[in-house]
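A.B. asks: Sharing a model prediction with you, sequence too.
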Amino acid sequence: MPPVLVTILSFVVLALLVWAFLRYTILGRGMSVPLRTMFTTPETAQYPEQPRPVAPRFHGRHQLNRYADGLEKCIGCELCAWACPADAIYVQGADNTLTERYSPGERFAEDYQINYNRCILCGLCIEACPTRALTMTHDYEFSADSRRDLIWDKADLIVDVPPGGEDTPHTDHEVRRRGLNYYGGLAVTPPTLHGGRFEQAAPAPASRAAQVVPTGELPHTSEEARDPAEIGDENRAHGGKR
Ligand code: SF4
Ligand code: SF4
């Protein structure tokens with residue numbers, strides 16, 4: 001056999017032996033990892049100077065949202081607290097009054113706490129929230145030195161008042177004069193399922209805004225307070241046009 005052919009055959013057999021060693025033995029498979037990665041460009045994240053962007057649906061810490069005029073979206077219903085599998089949310093609701101209105105609903109969250117010692121950032125609470133008052137941000141930098149500092153209260157969670165809005169409380173008189181539909185107007189109900197396909201809910205009639213947020217005049221705060229139910233009856237008697 002010619003020496004060149006012997007040399008080539010030797011290289012082929014050696015290459016096969018090395019391949020079988022790296023492919024089929026535990027030691028070889030372990031050694032193949034550094035062999036593969038030593039020729040790739042290292043990926044070193046310069047954190048915290050250059051934090052990497054997170055995925056669009058990343059679940060970071062929570063925030064409590066407001067409407068454009070500054071009213072709070074949270075109506076103190078406690079659905080988020082009941083949905084939480086870790087029992088991490090505490091909500092204490094209270095009634096809005098004619099002179100101190102925090103949210104468009106009957107009630108608002110007087111106290112709202114999230115215990116990040118317990119929270120697993122699963123997002124079930126924001127799914128349960130009927131008004132989108134509670135959402136999650138992309139912020140994951142909220143570690144603390146003590147367990148007490150990981151309990152965030154309403155002042156920590158609520159967003160700043162948007163430009164042009166006012167901090168709560170408002171008066172009913174101010175709120176009703178604005179004539180806003182705080183429930184979103186068109187898509188009051190979520191998309192419904194028909195024959196296996198999602199279809200957008202039908203637009204709500206325009207008069208619904210008047211039903212939800214009556215435009216009738218309320219007494220000024222210096223006047224004697226009236227029962228809101230009585231005012232609602234008067235508005236309905238006028239077809240919600242006042
Ligand atoms: S993200 Fe999950 S664990 Fe955290 S408060 Fe919401 S429901 Fe509870
Ligand atoms: S955040 Fe949403 S679900 Fe929780 S109490 Fe407020 S309105 Fe209800």
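C.D. replies: Structure's in. What do you need? Ligands and ions are numbered 1, 2, ... in the order given.
A.B. asks: Output the longest helix belonging to the chain.
C.D. replies: Ranked by residue count under DSSP state H, the longest helix found in the chain is helix 3-24.
A.B. asks: Just the buried residues of that helix, please?
C.D. replies: Neighbour counts over helix 3-24 (16 or more other CB atoms under 10 Å) mark residue 22 as buried. For every residue, glycine as well, the C-beta is placed using N, CA and C.
A.B. asks: Pull the residues that contact that helix.
C.D. replies: Residues outside helix 3-24 that contact it (CB atoms under 8 Å, 6 or more residues apart in numbering): 27-29, 31-32, 35.
A.B. asks: any idea whether residue 109 is helix, strand or coil?
C.D. replies: Classification of residue 109 using DSSP: H, G, I helix; E, B strand; the rest coil returns strand.
A.B. asks: Surely it and residue 79 touch.
C.D. replies: No - in this structure, residue 109 is not within contact of residue 79 by CB atoms under 8 Å, at 11.6 Å.
A.B. asks: out of those two, which sits in the more crowded spot?
C.D. replies: More crowded of residue 109 and residue 79, by other CB atoms under 10 Å: residue 109, with 27 against 18.
A.B. asks: pLDDT at the more buried one, what is it?
C.D. replies: Looking at residue 109, its pLDDT stands at 96.
A.B. asks: Show me the protein divided up by domain.
C.D. replies: 62-157, 172-224 (automatic domain parsing).
A.B. asks: Could you look over those domains and pick the most buried one?
C.D. replies: domain 62-157 (a mean of 17; mean count of other CB atoms under 10 Å).
A.B. asks: Low-confidence stretches in this protein?
C.D. replies: 183-242 (pLDDT under 70).
A.B. asks: let's see 80
C.D. replies: For the chain, the stretches with pLDDT under 80 are 1, 179-242.
A.B. asks: Helices - which of the contacts of helix 3-24 land there?
C.D. replies: Per DSSP H, the contacts of helix 3-24 map to helices at 27-29, 31-32, 35.
A.B. asks: residues touching residue 59, list them.
C.D. replies: Neighbour list for residue 59: 121-123, 136 [criterion: CB under 8 Å, 6+ apart].
A.B. asks: switch the cut-off to 10 Å
C.D. replies: Contacts for residue 59 (CB atoms under 10 Å, 6 or more residues apart in numbering) come out as 119-123, 126, 136-138, 140.
A.B. asks: Could you export the domains of the chain as TSV, including distance to residue 8?
C.D. replies: TSV is the format used below for those (distance: least, CB to CB, whole Å):
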stretch	distance to residue 8
domain 62-157	57
domain 172-224	64
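A.B. asks: Need those domains in a markdown table (columns: distance to ligand 2).
C.D. replies: Output for the domains of the chain, formatted as a markdown table (distance: least, CB to the nearest ligand atom, whole Å):
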| stretch | distance to ligand 2 |
| --- | --- |
| domain 62-157 | 3 |
| domain 172-224 | 12 |
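A.B. asks: still on that earlier bit, just flag the most distant two among the contacts of residue 59.
C.D. replies: Maximum pairwise distance among the contacts of residue 59 (CB to CB): 17.1 Å, between 120 and 138.
A.B. asks: I figured residue 103 was touching residue 72, is that so?
C.D. replies: Yes - under the criterion of CB atoms under 10 Å, residue 103 makes contact with residue 72 at 4.8 Å.
A.B. asks: Nearest to ligand 1, out of the domains of the chain?
C.D. replies: With CB to the nearest ligand atom as the measure, domain 62-157 is the member of the domains of the chain nearest ligand 1 (3.2 Å).
A.B. asks: Show me how far the closest one is from its chain's centre.
C.D. replies: Here domain 62-157 shows a centroid-to-chain-centroid distance of 10 Å under the convention CA atoms, centre = their mean, to the nearest Å.
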